[in-house]
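Colleague: Here is my input, please return the structure:
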Amino acid sequence: LTAHNTDEMRQKCLNTGMQDFLTKPVRRDMLERCISCLDIWQTPDISFEQSPSNQDEISPADQNEIFAQDIFNAYQDIMGEQTFKGVDLYLTETEKLIALLKEDWTAEVLGTLNRHAHSLRSSSATIGAIALSNYAEIIEKQTEEMLDSQDYSFVPDQSFLNDMEDCFLNTKKQIEDYMR
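Modeller: Below is the predicted model:
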């Protein structure tokens with residue numbers, strides 16, 4: 001299970017011996033297909049052309065969408081009784097991650113910031129917090145570029161980070177309202 005949904009990453013995972021590849025946000029039909037292929041006696045017959053990125057997926061059609069109820073519903077279908085616990089953990093950890101992303105942008109911590117941004121992007125997409133996932137993706141890409149180029153001159157605009165925090169607060173309210 002990964003947040004990376006490129007054909008290149010899929011092939012890389014399969015080449016390492018994985019039996020299948022599932023991307024987030026998780027779609028029920030894709031999860032069921034993966035589970036149905038699990039057999040301790042055989043490897044599933046999955047070709048590169050069947051990559052999830054080549055199929056219709058639940059994806060953010062509207063980049064300004066804050067909370068995608070259809071993705072949350074799929075998450076709820078999968079999590080069942082654990083949904084509330086998962087949402088509570090997501091909201092608590094997201095608040096901490098945003099605080100960490102706002103703190104320190106020195107070269108020494110870029111790898112950690114990149115991992116925080118990746119975690120925030122992935123968990124937000126899984127639960128349906130699309131706009132927040134998009135904010136985190138921007139930070140993740142920027143930190144990757146900085147690490148690759150060893151150019152540490154970029155510091156995010158504080159208003160961008162404040163907007164991301166506001167987005168989280170709006171997302172949190174929408175999720176809580178939706179779960180009532």
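Colleague: as a whole number, average confidence for the host helix or strand of L110?
Modeller: Element membership for L110 (DSSP states H and E) is helix 110-127. Averaged across helix 110-127, pLDDT comes to 89.
Colleague: got the buried residues for that helix?
Modeller: Neighbour-count burial for helix 110-127, counted by 16 or more other Cβ atoms under 10 Å, picks out 110, 113-114, 116-127. From N, CA and C alone the C-beta is placed, and that goes for glycine too.
Colleague: repeat for stretch 170-180
Modeller: Under the neighbour-count rule (16+ other Cβ under 10 Å), stretch 170-180 has 171-172, 174-175 buried.
Colleague: and the helix holding L110, C-alpha only, in PDB?
Modeller: Extracted C-alpha coordinates of helix 110-127, given in PDB (Å, rounded to 0.1, in the frame of the first residue of the first chain):
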ATOM      1  CA  LEU A 110      14.600  18.900   5.400                       C
ATOM      2  CA  GLY A 111      14.500  15.100   5.200                       C
ATOM      3  CA  THR A 112      12.300  15.100   8.300                       C
ATOM      4  CA  LEU A 113      10.100  17.900   6.900                       C
ATOM      5  CA  ASN A 114       9.800  15.900   3.600                       C
ATOM      6  CA  ARG A 115       8.600  12.800   5.500                       C
ATOM      7  CA  HIS A 116       6.100  14.900   7.500                       C
ATOM      8  CA  ALA A 117       4.700  16.400   4.300                       C
ATOM      9  CA  HIS A 118       4.500  13.000   2.700                       C
ATOM     10  CA  SER A 119       2.700  11.600   5.700                       C
ATOM     11  CA  LEU A 120       0.300  14.500   5.800                       C
ATOM     12  CA  ARG A 121      -0.400  14.300   2.100                       C
ATOM     13  CA  SER A 122      -1.000  10.500   2.200                       C
ATOM     14  CA  SER A 123      -3.200  10.400   5.300                       C
ATOM     15  CA  SER A 124      -5.200  13.500   4.100                       C
ATOM     16  CA  ALA A 125      -5.900  11.900   0.700                       C
ATOM     17  CA  THR A 126      -6.900   8.600   2.300                       C
ATOM     18  CA  ILE A 127      -9.500  10.300   4.500                       C
END
